[in-house]
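*Asks:* generate coordinates for the sequence data below:
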Amino acid sequence: MSGFLGSPLQKINIEFLRSFYACAHFNSRKRAANYLGITDSSVSHHVAMVEEKLEVLLFSRLNSGYQLTPEGEVLFKSLAKVFHDLDSTHTKMLSLNSERRLKRINIYTTIPLGVHYLPQVIVEFQAVYPDTEVNLVSFSEMPEIRTDHIDVLISQFKPDYPNFQSIEVGQMTIFLYASPGYLEKKGARKQLKI
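*Replies:* Numbering: from 1, shown residues only. From the prediction side, this is the model:
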């Protein structure tokens, strides 16, 4: 024990720890950098600083990416708990004042919905809630629900995330088109099972 806030780990810049955690989570410096909004070299520098301060090697660098060392695994698991606890603490703090209006809402959806449908819905929402900023993120791959800051996810499929409540808000009609040349060669199908 090094006393109150005296251990080397307690003295490390939280941004350095976030970079390490993201790099370990994504198993990629580039994906970690993209997620954190910083450069690849910043992630490398942050991880190197954590390793230097703790005097341990946290990753084995491989051509295919990063692999945690046993020490890195211990730190990763510990930080997972810390970041989860911080998120829970923030949620509890916000719930203390239920009258406070939501200042920002992060909505994640697929590209077609995000481009063609939701912009008009957001305009209508902001007319009713002008003090709430809406951040719309469109994705082609399912985002990391456990790490991304998602308030609302609008998707055509129902992912299995026990911490999220899901409700069906509508049904989509899907049209299948075929070129005249294809129909001449293959013929028209009367039914299609999806």
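
*Asks:* is Asn106 in a helix, a strand, or coil?
*Replies:* Recorded secondary structure, Asn106: strand (DSSP: H, G, I helix; E, B strand; the rest coil).

*Asks:* any idea which helix is longest in this protein?
*Replies:* Within the chain, and with DSSP state H defining each element, the longest helix by residue count is helix 70-95.

*Asks:* the domain parsing of the chain - what is it?
*Replies:* Residue ranges of the domains in the chain are recorded as 9-95, 101-194, according to automatic domain parsing.

*Asks:* if you compare those domains, which one is most tucked away?
*Replies:* Counting by mean count of other Cβ atoms under 10 Å, domain 9-95 has the highest mean neighbour count of the domains of the chain, with a mean of 15. Where C-beta positions appear, they are placed from N, C-alpha and C, glycine not excepted.

*Asks:* let me know the average pLDDT across that domain.
*Replies:* Averaged across domain 9-95, pLDDT comes to 91.

*Asks:* ends of it, what's the gap?
*Replies:* Between the opening and closing residues of domain 9-95 there is a gap of 31 Å (Cα to Cα, to the nearest Å).

*Asks:* not counting sequence-adjacent ones, nearest residue to Phe83?
*Replies:* When the adjacent residues along the chain are set aside, Phe83 lies closest to Tyr21, with 6.7 Å between them (Cβ to Cβ, 6 or more residues apart in numbering).
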